[in-house]
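1. Could you look at this predicted model? Sequence included:
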Amino acid sequence: MLGTVVNAAAVIAGCLVGLLFKGGVPDKYNKTIMHAVSLAVLVIGIKGALGSDALLVVIFSLALGSFIGEAMRIEDGLEYLGRSLEKRFSGKEKGTGDDGKFYQGFVTATLIFCVGSMAIVGSLESGLAGNHQTLFAKSALDGITSIILGSSFGIGVLFSSLPIFLYQGSITMAAVFIKPFLVPEVVSQMSSVGGVLIMAIGINLLGAAKIRIGSMLPAIFLPMAWYLINLLF
């Protein structure tokens, strides 16, 4: 679990650094920086989405995964958790909140840090071989990103460390059981689905749409289920 602990700690530290800049940067700069970050997230998502040629698997995973996610009310659960944390820690009840920035920062950071191949592959390497290098590299990237997000959204970004710990920790603990199904082809398909979701995060950050990305999260794991079905039949 060392890699996951370091990753969560890097996000906390990065957010705290970002909070030092919050309020000290004029709004027009914050807005331009957020647009730049949003475009960068879009580019990262596009690059990841092009990682697999199995387009039918990607499309099927996104469609079915979205249906499953809506049935499980994942987006609503994230919103409830974010709002609960906001009410408790942001001082909104005292009139000092940031009009939903806590919740937006929490959900946005959680999705950015949890969606992607580095979270999955790095957690597997940690669990199977005690190799934490991928998660250490991810920690550096997430730490830098959390500085930017923390300066824009505030302390909500800090609390994304909890979903990171639970998500990556669960994969690490289950690594021995799921390793046989994570052949390179499946990993590339999962990364492709994750890339599409990262693109959606960039679109949301730009304010071009309000995509319920949280409810699409099960789609990431459906290529593995599809591979298992092929093995059985």
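-> The structure has been received and is ready for your questions. Numbers count the residues shown, from 1 in each chain.
2. Mind telling me what element the residue most central in space within the chain is part of?
-> The residue lying closest to the centre of the chain (Cα atoms, centre = their mean) is residue 111, at 2.5 Å. Assigned by DSSP states H and E, residue 111 belongs to helix 101-114.
3. List the contacts of that helix.
-> By Cβ atoms under 8 Å, 6 or more residues apart in numbering, the residues outside helix 101-114 that reach it are 7, 11, 15, 41, 78-79, 81-83, 85-86, 89-90, 92, 119, 142, 145-146, 149-150, 152-157, 159-160, 163-164, 167-168, 197-198, 201, 204-205, 213-214, 217. Every residue, glycine included, has its C-beta placed from N, CA and C.
4. Using PyMOL, define a selection of the buried residues within these.
-> Buried members of the contacts of helix 101-114, defined by 16 or more other Cβ atoms under 10 Å, are picked up in PyMOL with:
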select buried, resi 7+11+15+41+78+79+81+82+85+86+90+92+119+142+145+146+149+150+152+153+154+155+156+157+159+160+163+164+167+168+197+198+201+204+205+213+214+217
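5. Give me the subset of the contacts of helix 101-114 that lies in helices.
-> Counting by DSSP state H, the contacts of helix 101-114 place 7, 11, 15, 41, 78-79, 81-83, 85-86, 89, 119, 142, 145-146, 149-150, 152-153, 163-164, 167-168, 197-198, 201, 204-205 in helices.
6. just how off-centre is the host helix or strand of residue 76 within its chain?
-> Per DSSP H and E, residue 76 falls inside helix 74-89. When C-alpha coordinates are averaged (Cα atoms, centre = their mean, to the nearest Å), helix 74-89 and its chain have centres 16 Å apart.
7. Ok, stretch 162-179 next?
-> For stretch 162-179 - counting by Cα atoms, centre = their mean - the centre lies 14 Å from the chain centre.
8. Just the buried residues of it, please?
-> Judged by neighbour count (16+ other Cβ under 10 Å), stretch 162-179 contains these buried residues: 162-165, 167-169, 171-172, 175.
9. Export only the CA atoms of that stretch, formatted as CSV.
-> Only the C-alpha atoms of stretch 162-179 are listed here, as CSV (Å, rounded to 0.1, in the frame of the first residue of the first chain):
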residue,chain,number,x,y,z
LEU,A,162,-9.8,9.6,0.3
PRO,A,163,-11.3,8.1,-2.9
ILE,A,164,-7.8,7.7,-4.3
PHE,A,165,-6.8,5.7,-1.2
LEU,A,166,-9.9,3.5,-1.3
TYR,A,167,-9.9,2.9,-5.1
GLN,A,168,-6.2,2.2,-5.6
GLY,A,169,-5.9,0.4,-2.3
SER,A,170,-8.8,-1.9,-3.4
ILE,A,171,-7.0,-2.7,-6.7
THR,A,172,-3.8,-3.4,-4.8
MET,A,173,-5.4,-5.8,-2.4
ALA,A,174,-7.3,-7.6,-5.2
ALA,A,175,-4.3,-7.7,-7.5
VAL,A,176,-3.6,-11.4,-7.2
PHE,A,177,-7.2,-12.2,-8.2
ILE,A,178,-7.6,-9.9,-11.2
LYS,A,179,-4.1,-10.2,-12.7
